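> A structural model of the following input is requested.
(2 chains)
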Amino acid sequence: MSVDSLVAGRTRRSRRRILLTAGIGLSVLAVLVVSLMVGNTFYGPDKVLRVILGQQVPGASFTVGDLRLPRATLGLLAGLCFGIAGVTFQTMLRNPLASPDIIGISTGASAAAVAGIVFFSLSETAVSFVALAAALATAAAIYLLANKRGFAGARLILIGIGVAAMLQSVVIYVLSKADTWDLQTATQWLTGSLNGASWNSVAPLGIACAVLIPIFLLQERNLGLLRLGDDSARALGVRVQPTRVVLVLAAVGLLAFATAATGPIAFVALMSGPITARILGPGASLTLPAGLVGALLVLVADLVGQFAFGNRYPVGVITGVIGAPYLIFLLIRTNRSGGSI
Amino acid sequence: MTTSHQLSAERITLAYGDRTVIEGLDLAIAPGKVTAIVGANGCGKSTLLRALARLLPPRDGQVILDGKALHLRPSKEIARLLGLLPQRPVAPEGIVVADLVGRGRHPHQKMLARWTARDYEAVAEALAATGVADLADRSVDELSGGQQQRVWIAMALAQETDVLLLDEPTTFLDVAHQIEVLDLLTDLNLTRGTTIVMVLHDLNLAARYADELVAVRDGQVHAIGTPESVITEEIVHEVFGLRSSVINDPLSGKPLVVPSGRHHVL
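As a prediction, the model looks like this:
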């Protein structure tokens, strides 16, 4: 084996990954632009571009700038967050079912957020932090309940599913107590929706992304080594426990802020990682590409939900319709092979 | 690689939760030699190896590498001196051989830094030394057990450590592949001077391939020394509770344990 052919092999694999990731990125951009163009009134790409550049375009400035752009940005950021948080959990726990929306962490954030809004009329930013605290508490509770066999295994997932069911009933209880109960609030906290999008809800999420996403890029190599098992990772010089704590905190952070802004958009965290592994090949590092796939899922599902049918459906209904069969498929496959992501 | 690193355990006590496995054990690993740790199931030999590899911090006492306690040194620095092949390493699904072996370069790489020429050379050498160069672009899942084991050893080689610890490197392998792996480790010891410490199940293979044997019983070093001094009918009985005859292996001249069970004995 010559060094040259090693270099060639590595270059070939990394070029392929970069091209595919860029392809996913461009698809996200394309869907983003389309979602700015379509609606009750159609605006061409030229008008959309002028609005984005800050020019005044009669009609379009309000519709595109104040309605569609915050909605699309919120979808983009939330998708990124769900995708990255999902794939990080799935990779660390070596199980595609270990997604934070299955093991109750999203539901924890969701329950706290809806309680904050209904009982205490909190602001967007305050809701984000309450959701963060609740998500961290949920993660800690699941960890402690499952801790007999360490940070892994089916035990943690099963306990998580139980915790998720309990917290789901909290969400429904809070909704039933709301004075101004309406369908929109309910759907947002049950399946996730982009209907309430405004710059006020985008801002905290944008800041969370800017702070937390770089952490994943810095820890990418360590995460790759954790996939070899704790013993091997430690033997290669990874500080296993601190690495894991940092990654869990960052992932829970992304998830909590995204959930506070949009509600728990069903199954995006679950689906993004495995879809990305299918596209890129499972050996690759998946974090950022999975985020982009998450964004693509949310944006496409929102377009479909708004315009494909006579009625407008929230984004979570669409991702739920795709995600539920996928979950069943995953359960069957995991049961058969005990496979990892 | 000529420097020989000194690895030793000083009065270490090892425990999982409330269960103490090893208490107050002393052990000095012979530098530049092949050492095999043997003992009955559950005697604590794997636990001892985990402690030497700093995977299990001692409850009491310390593991010392070149005069400094292991737990006081940065993990990445130790990883440049001390390699480990765990009993059941996990290959990420779909990973390619060259990429897996490349993970062994982690202790030599800076955060976010690109691969250096040395990284490529070390991986190429490791693939060649273990005879898996032809498989470099294959997915690890597709390989046979023996090939996978060689790939894992290649990863530990790419780490370029002077000391290599292996936890039962021959389990799950058929007899031909067991010999192949042990020959490979001996090559490494002879050509690079790598200190090898391995837990082995098979007493006869241990006697044949190790320069030094460590027999562990009830969390204590029961006997230590050359195979000739450790493999006696008496010690085999004390360590394994097994009656046997020890004869000379006609091929190697090393001691060979022939167990005397209740049946099929003339």
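
> list the buried residues in the host helix or strand of A:Pro289.
Using DSSP states H and E, A:Pro289 sits within helix A:287-307. For helix A:287-307, burial by neighbour count (16 or more other CB atoms under 10 Å in any protein chain shown) applies to A:287-306. Glycine gets a C-beta too; all of them are placed from N, C-alpha and C.

> now swap in stretch A:237-255 and tell me
Of the residues in stretch A:237-255, those buried by neighbour count under the rule 16+ other CB under 10 Å are A:237-238, A:240, A:243-244, A:246-248, A:250-255.

> same thing with stretch B:52-70?
Neighbour-count burial for stretch B:52-70 flags B:52-56, B:58, B:61-65, B:70 (criterion: 16+ other CB under 10 Å).

> name the SS class of the residue nearest to the spatial centre of chain A, please.
Most central in chain A under CA atoms, centre = their mean is A:Phe82, positioned 0.6 Å from the mean C-alpha point. Under DSSP: H, G, I helix; E, B strand; the rest coil, A:Phe82 falls in the helix class.

> what sits against it?
Residues near A:Phe82 by CB atoms under 8 Å, 6 or more residues apart in numbering or on different chains: A:101, A:254-255, A:258, A:265, A:268-269, A:272, A:294, A:298.

> wait, doesn't B:Gln87 sit right on B:Leu49?
No. B:Gln87 is beyond contact range of B:Leu49, at 9.1 Å (criterion: CB atoms under 8 Å).

> can you work out which residues contact both of the two?
B:Asp167.

> looking at those two, which is more packed in?
The neighbour comparison of B:Gln87 against B:Leu49 (other CB atoms under 10 Å in any protein chain shown) goes to B:Leu49, with 22 against 15.

> tell me the secondary structure for the more buried one?
helix.

> B:Ile37 is in contact with that one, correct?
Yes. Between B:Leu49 and B:Ile37 there is a contact under CB under 8 Å: 6.4 Å.

> sorry, back to before: near chain B at all, the helix holding A:Pro289?
No. Judged by CB under 8 Å from any CB of the partner chain, helix A:287-307 and chain B are separated, with a smallest distance of 13.7 Å.

> tell me how far the helix or strand just after that helix is from the chain's mean position?
Next helix or strand after helix A:287-307 toward the C-terminus (DSSP H and E): helix A:315-337. Mean-position distance between helix A:315-337 and its chain equals 16 Å (CA atoms, centre = their mean, to the nearest Å).

> can I get helix A:315-337 in CSV, CA atoms only?
Taking C-alpha atoms only, helix A:315-337 is exported to CSV below (Å, rounded to 0.1, in the frame of the first residue of the first chain):
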residue,chain,number,x,y,z
VAL,A,315,-45.5,21.4,9.2
GLY,A,316,-45.5,18.8,12.0
VAL,A,317,-48.5,17.0,10.6
ILE,A,318,-46.6,16.5,7.3
THR,A,319,-43.3,15.3,9.0
GLY,A,320,-45.5,13.1,11.2
VAL,A,321,-47.1,11.4,8.3
ILE,A,322,-43.6,10.7,6.8
GLY,A,323,-42.0,10.0,10.1
ALA,A,324,-44.4,7.5,11.7
PRO,A,325,-44.0,4.8,9.1
TYR,A,326,-40.3,5.4,9.2
LEU,A,327,-40.2,4.9,12.9
ILE,A,328,-42.0,1.6,12.4
PHE,A,329,-39.5,0.6,9.8
LEU,A,330,-36.7,1.5,12.1
LEU,A,331,-38.2,-0.6,15.0
ILE,A,332,-38.4,-3.6,12.8
ARG,A,333,-34.9,-3.2,11.4
THR,A,334,-33.3,-2.5,14.8
ASN,A,335,-35.1,-5.4,16.3
ARG,A,336,-33.6,-7.6,13.5
SER,A,337,-30.0,-6.4,13.5
